[in-house]
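# sequence unknown, structure follows:
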């Protein structure tokens, strides 16, 4: 059996603080409203009319035996309230009192099944990612991404005979630290360069994903699912922090 796990804990308070200091764009009204309520879970931040949790559910393979959304007891009612709008009916909510059980290592210890893990703060829609970048950056800055090499598992995500199949070894380049520089004219060097990129032209497909394999004692395997071209919402915090620093330094562009 392979179980899909979506980590949906946390409030995103650092991100909320960064957004609260930012002059809102009319098209980011839903994000601004989320940031003003510190009781709102991070997974319910809405982009293009859809909560982050919905983006995560959409990219999980259909062949998984079960899908579990893991959250904190303090967030249970709000997360449970959004489950009916998700496209899949085979979703269960698992609630923890301790935040440590929302980390992958401790999560593996609570299940006997193999796991495929997805994080709820990841946007997999290129349209939504572009909206965020365009609106937050206002076309006034370049994005430069420092990269490093990482040897990973990469392949199509298929569940066959209670195992993940078609996994091959590849080298990918990963954005280690997206940093804003005040150069003009501004260019955004592709959504894919901000999160992950393989050494070959992957020709992005919806079912092509990066897999990180984690094995714990007892043989249970966790596959961490990181879709190509995904955009982590925390990157916005990096952008806003850099912009705030530049403004404090007297850069008014």
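Sure, I can see it. The structure presented is a predicted model; accordingly, all values stated were derived computationally and were not measured.
# going forward, measure contacts and count neighbours with C-alpha atoms only.
OK.
# pLDDT below threshold where in the stretch 51-200 of the chain?
61-63, 98-109, 126, 133-200 (pLDDT under 70).
# Could I get the contacting residues of residue 87?
With CA atoms under 8 Å, 6 or more residues apart in numbering as the criterion, the residues that contact residue 87 are 57-58.
# so which strand or helix has residue 32?
Assigned by DSSP states H and E, residue 32 belongs to helix 29-35.
# How about that helix, which residues are buried there?
Across helix 29-35, burial judged by 16 or more other CA atoms under 10 Å covers 31-32, 34-35.
# do stretch 40-50 as well
Of the residues in stretch 40-50, those buried (16+ other CA under 10 Å) are 40-48.
# So which of those belong to strands?
46-47 (DSSP state E).
# sec struct for residue 68, please.
Three-state assignment for residue 68 (DSSP: H, G, I helix; E, B strand; the rest coil): strand.
# And it, how far from residue 34?
Separation of residue 68 from residue 34 (CA to CA, to the nearest Å): 24 Å.
# Next: residue 76.
Applying CA to CA to residue 76 and residue 34 gives a distance of 17 Å.
# what's the answer for residue 19, then?
Taken as CA to CA, the span from residue 19 to residue 34 is 10 Å.
# Out of the buried residues of stretch 40-50, the closest to residue 2 would be?
residue 43 (22.9 Å; CA to CA).
# what does the model give the closest one for pLDDT?
The confidence metric pLDDT takes the value 91 at residue 43.
# in terms of contact, does it touch residue 122 like I think?
No. In this structure residue 43 lies outside contact range of residue 122 using CA atoms under 8 Å: 9.1 Å.
# Pretty sure residue 52 sits against residue 125.
No. Using CA under 8 Å, residue 52 makes no contact with residue 125, being 10.3 Å away.
# Which of those two has more residues huddled nearby?
Applying other CA atoms under 10 Å to residue 52 and residue 125 shows that residue 52 carries more neighbours, namely 24 against 16.
# residues contacting that one?
Going by CA under 8 Å, 6+ apart, residue 52 touches 42-46, 120-123.
# Can you add distance to residue 56 and give these back as TSV?
Below are these laid out as TSV (distance: CA to CA, whole Å):
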residue	distance to residue 56
42	13
43	9
44	11
45	12
46	13
120	6
121	8
122	7
123	7
